[in-house]
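# Compute the structure for the input listed below.
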Amino acid sequence: MLMTFQEQAKEAIRATGGRITGQRELLLDLIATHDEIDAEHLHRIAHQQDPTISLPTVYRTLHTLEDAHVITSRYISAEHERKLYRVPAKQDSTFHFTCRRCGQVIPFHSDLIEQIKQEIAARIDIELWTLCMCAGGLCPNCREER
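Numbers count the residues shown, from 1 in each chain. This next block holds a predicted model:
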């Protein structure tokens with residue numbers, strides 16, 4: 001029988017010696033209900049339900065889950081300072097374009113990226129979990145203003 005995301009996540013946290021606290025349970029529930037979420041937004045919505053939850057707790061939980069491959073992440077800024085996290089079962093070929101002028105983030109889909117991942121994995125005989133791609137330039141509004 002397949003384990004739910006929450007069961008997989010709890011197992012991953014316990015495997016690293018972590019405890020399943022009420023705060024971690026809250027974070028797992030919130031992650032499970034979002035297609036993708038960044039750490040700051042996760043902290044804001046968790047903080048509304050538990051004002052004692054800290055941003056470091058959010059980051060530690062996300063890093064533990066990512067290291068265990070229970071969640072995946074993608075950078076959505078060219079400087080790699082902002083990540084979106086998602087449960088892999090919800091993962092698709094969504095990437096993000098960031099306008100270098102106004103900062104607007106535009107999600108886009110590309111089946112070509114999945115083909116590239118498969119080609120890389122086959123070519124060098126690896127199991128590829130993530131592929132980082134940054135797309136940046138000018139959005140339609142900023143192009144018009146220029």
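
# Now do the same for the residue nearest to the spatial centre of the chain: helix, strand or coil?
Taking CA atoms, centre = their mean, the centroid of the chain lies closest to Tyr85, which sits 1.4 Å from it. Assigned state for Tyr85: strand (three-state reduction, DSSP: H, G, I helix; E, B strand; the rest coil).

# What of Ile106?
What three-state DSSP gives for Ile106 is strand.

# Let me know how buried the residue lying closest to it once chain neighbours are set aside is, in neighbour terms.
Spatial nearest neighbour of Ile106, excluding adjacent residues (CB to CB, 6 or more residues apart in numbering): Phe97 at 4.5 Å. Heads up, the C-betas are built off the backbone N, CA and C, glycines and all. Residues lying near Phe97 (other CB atoms under 10 Å) number 17.

# who's Phe97 bridged to?
Counting by DSSP bridges, Phe97 forms beta bridges with Ile106, Ala135.

# For Arg74, which three-state class applies?
Assignment for Arg74 (three-state DSSP): strand.

# Domain map for this protein?
With domains defined by automatic domain parsing, the chain comprises 1-90, 92-146.

# Can you tell me which of those domains is most buried?
domain 1-90 (a mean of 16; mean count of other CB atoms under 10 Å).

# so where's this structure uncertain?
For the chain, residues meeting the criterion pLDDT under 70 lie at 1-2, 78, 89-93.

# Please verify my assumption that the residue nearest to the centre of the chain contacts Ile71.
Yes - counting by CB atoms under 8 Å, Tyr85 touches Ile71, with 5.0 Å between them.

# Common neighbours of these two, please.
Shared contacts of Tyr85 and Ile71 (CB atoms under 8 Å, 6 or more residues apart in numbering): 31, 62, 65.

# Spit out the contact partners of His96.
His96 neighbours (CB under 8 Å, 6+ apart): 74, 76, 84, 105-108, 135.

# mind running it again at 6 Å?
Applying CB atoms under 6 Å, 6 or more residues apart in numbering, one finds that His96 lies in contact with 76, 105, 107.

# and these as a markdown table, adding distance to Pro56?
Shown next, in a markdown table, are the contacts of His96 (distance: CB to CB, whole Å):
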| residue | distance to Pro56 |
| --- | --- |
| Ile76 | 21 |
| Val105 | 25 |
| Pro107 | 28 |
